[in-house]
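Undergrad: Provided below for reference: sequence and predicted model.
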Amino acid sequence: MHTTSFSRRRLLAAGTLTAAMAGGAARAQADYPARPVRLIVPFPAGGATDIFGRLVAQKLTEALGQQFVVENKPGAGGNIGAALAAQSAPDGYTLFMGSPGTHAVNAHLYDKPGYDGIKDFDPISLIVKAPNLLVVHPSFPANTLVEFIEYARKNPGLTYGHTSNGGTKHLAGELLRLKANIDIVPVAYKGSAPMMADVVAGHLKVAFDDLITSLQHVNNKSIRALAITGQSRWPSVPDVPRVSELGGAFADYDVTAWYGLLAPARTPPAIIEKVNAIVVKALQDKTLRDDLYARGVEPIGSSPKQFQDFIAVEYARWGDVIRRAGIKMS
């Protein structure tokens with residue numbers, strides 16, 4: 001009898017403690033954020049990842065009344081910032097702006113990136129996607145993608161410009177090379193501005209570049225766009241076809257840069273859901289959507305599960321392309 005009573009008291013006490021802990025956690029999450037939150041961007045200020053990181057930080061600051069502060073932690077293709085975020089406490093006070101490099105590509109390029117892009121992060125929302133354009137100098141003897149492929153087959157060793165080894169512009173060229181069975185050679189530039197200057201001047205005949213930095217040159221006819229790398233035509237250049245419109249082996253061709261918000265793994269689900277709801281609502285604003293489209297990016301705003309599934313597909317797909325193309329970072 002005494003033993004039974006003692007056991008019952010212990011169970012009641014344990015239940016009370018568990019309930020108190022749960023209540024405390026719920027209150028902490030309801031009060032989130034109670035202090036400033038850092039949003040790690042693993043690239044320098046001024047780049048696309050930084051731009052969209054600051055946009056998200058601004059919207060979260062406005063909605064929650066607490067500062068979300070961007071911290072730029074560049075290096076090693078995004079690995080330094082991603083590793084720092086992955087090792088941070090999963091309490092909602094460190095968030096991370098990810099990209100194809102940090103979550104779908106680097107694990108296949110680097111022997112030791114320092115983190116696991118799948119296991120070490122909880123996705124919150126895919127923010128935007130951004131296709132690239134295949135562009136050529138006006139003197140290039142091809143007016144369509146079919147003519148470009150035919151020319152490349154007759155002229156092996158044709159060079160194309162891109163702005164980052166392992167980036168989506170580089171991978172766009174490598175995927176086209178594999179699918180078209182052509183011999184084209186990548187040339188890395190340190191940015192879109194010097195690359196586009198070379199294309200406009202005719203020093204470089206072919207390049208893959210962002211819509212936002214290409215459109216002005218396409219519109220003034222200083223370069224010619226042959227194809228868009230995403231799965232949709234773009235409103236401002238509706239006559240430029242998708243690579244996938246060739247059909248057959250090209251039907252699943254889809255190369256887009258993307259930027260999304262994540263947190264360290266095991267961040268409380270209530271915090272993930274709270275942040276997700278704010279981001280998704282912000283991306284539904286028509287003025288913001290119009291502005292993003294004008295910048296050459298497509299606003300998304302996904303659920304955490306949708307973003308998780310998207311990353312898994314990207315990770316597997318680019319791993320396969322990188323292995324087949326033989327791309328490796330030293």
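TA: Yep, that arrived.
Undergrad: for the protein, what are the low-confidence residue spans?
TA: Applying pLDDT under 70 to the chain flags the ranges 1-29, 330.
Undergrad: residue ranges for the strands of it, please.
TA: With DSSP state E as the criterion, the chain has strands at 37-41, 68-72, 94-98, 121-136, 158-162, 184-188, 206-210, 224-228, 256-264, 298-299.
Undergrad: Within its sheet, name the partner strands of the shortest one and how each one runs.
TA: In other words, strand 298-299. Here strand 298-299 is paired, per DSSP bridges, with strand 121-136 (antiparallel).
Undergrad: What are the buried residues along the strand it pairs with?
TA: Neighbour-count burial for strand 121-136, counted by 16 or more other Cβ atoms under 10 Å, picks out 121-136. Just so you know, the C-beta spots here come from the backbone N, C-alpha and C atoms, and that holds for glycine as well.
Undergrad: Which one of the strands of the chain lies nearest to Thr168?
TA: Each of the strands of the chain has some distance to Thr168 by Cβ to Cβ; the shortest is strand 256-264, at 4.5 Å.
Undergrad: Just the CA atoms of that closest one, as CSV, please.
TA: What follows is strand 256-264 as a C-alpha-only set of coordinates in CSV (Å, rounded to 0.1, in the frame of the first residue of the first chain):
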residue,chain,number,x,y,z
THR,A,256,17.2,27.5,-61.4
ALA,A,257,19.0,29.3,-58.6
TRP,A,258,16.9,29.4,-55.5
TYR,A,259,17.1,30.9,-52.0
GLY,A,260,15.3,29.6,-48.9
LEU,A,261,15.1,30.1,-45.2
LEU,A,262,16.2,27.3,-42.8
ALA,A,263,17.0,26.7,-39.1
PRO,A,264,19.4,24.4,-37.3
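Undergrad: Summarise which helices and strands that strand is packed against.
TA: Contacts defined by 3 or more Cβ pairs under 8 Å, 6 or more residues apart in numbering; DSSP states H and E place strand 256-264 against helix 48-64, helix 79-86, strand 94-98, strand 121-136, helix 269-282, helix 304-325.
Undergrad: Adding distance to Leu175, write the ones you listed out as JSON lines.
TA: Formatted as JSON lines, the helices and strands packed on strand 256-264 follow (distance: least, Cβ to Cβ, whole Å):
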{"stretch": "helix 48-64", "distance to Leu175": "20"}
{"stretch": "helix 79-86", "distance to Leu175": "23"}
{"stretch": "strand 94-98", "distance to Leu175": "21"}
{"stretch": "strand 121-136", "distance to Leu175": "11"}
{"stretch": "helix 269-282", "distance to Leu175": "30"}
{"stretch": "helix 304-325", "distance to Leu175": "6"}
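Undergrad: among these, which is the most enclosed?
TA: strand 94-98 (a mean of 27; mean count of other Cβ atoms under 10 Å).
Undergrad: Skip ahead from it and say which helix or strand is next.
TA: Heading C-terminal from strand 94-98, the first helix or strand you meet, by DSSP states H and E, is helix 100.
Undergrad: ok so, going back, tabulate the strands of the chain (JSON lines), appending distance to Asp198.
TA: What follows is these, written out as JSON lines (distance: least, Cβ to Cβ, whole Å):
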{"stretch": "strand 37-41", "distance to Asp198": "28"}
{"stretch": "strand 68-72", "distance to Asp198": "28"}
{"stretch": "strand 94-98", "distance to Asp198": "30"}
{"stretch": "strand 121-136", "distance to Asp198": "12"}
{"stretch": "strand 158-162", "distance to Asp198": "7"}
{"stretch": "strand 184-188", "distance to Asp198": "9"}
{"stretch": "strand 206-210", "distance to Asp198": "8"}
{"stretch": "strand 224-228", "distance to Asp198": "15"}
{"stretch": "strand 256-264", "distance to Asp198": "21"}
{"stretch": "strand 298-299", "distance to Asp198": "28"}
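Undergrad: Please report how far Lys112 lies from Ala257.
TA: When distance is defined by Cβ to Cβ, to the nearest Å, Lys112 is 25 Å away from Ala257.
Undergrad: Among those two, which residue is more densely surrounded?
TA: Ala257 (26 against 8; other Cβ atoms under 10 Å).
Undergrad: list the contacts for that one?
TA: Counting by Cβ atoms under 8 Å, 6 or more residues apart in numbering, Ala257 touches Ala48, Ser99, Pro100, Lys129, Ala130, Pro131, Asn132, Gly167, Thr168, Asp210.
Undergrad: Settle this for me: the first one is touching Asn132, isn't it.
TA: No: taking Cβ atoms under 8 Å as the definition, Ala48 is not a contact partner of Asn132, at 11.7 Å.
Undergrad: which residues do the two both contact?
TA: Common contacts of Ala48 and Asn132, defined by Cβ under 8 Å, 6+ apart, comprise Asp210, Ala257.
Undergrad: Nearest residue to Ala207 in space, ignoring adjacent ones along the chain?
TA: Gly161 (3.7 Å; Cβ to Cβ, 6 or more residues apart in numbering).
Undergrad: surely the one you found meets His203?
TA: No: if you go by Cβ under 8 Å, Gly161 and His203 don't touch, sitting 9.7 Å apart.
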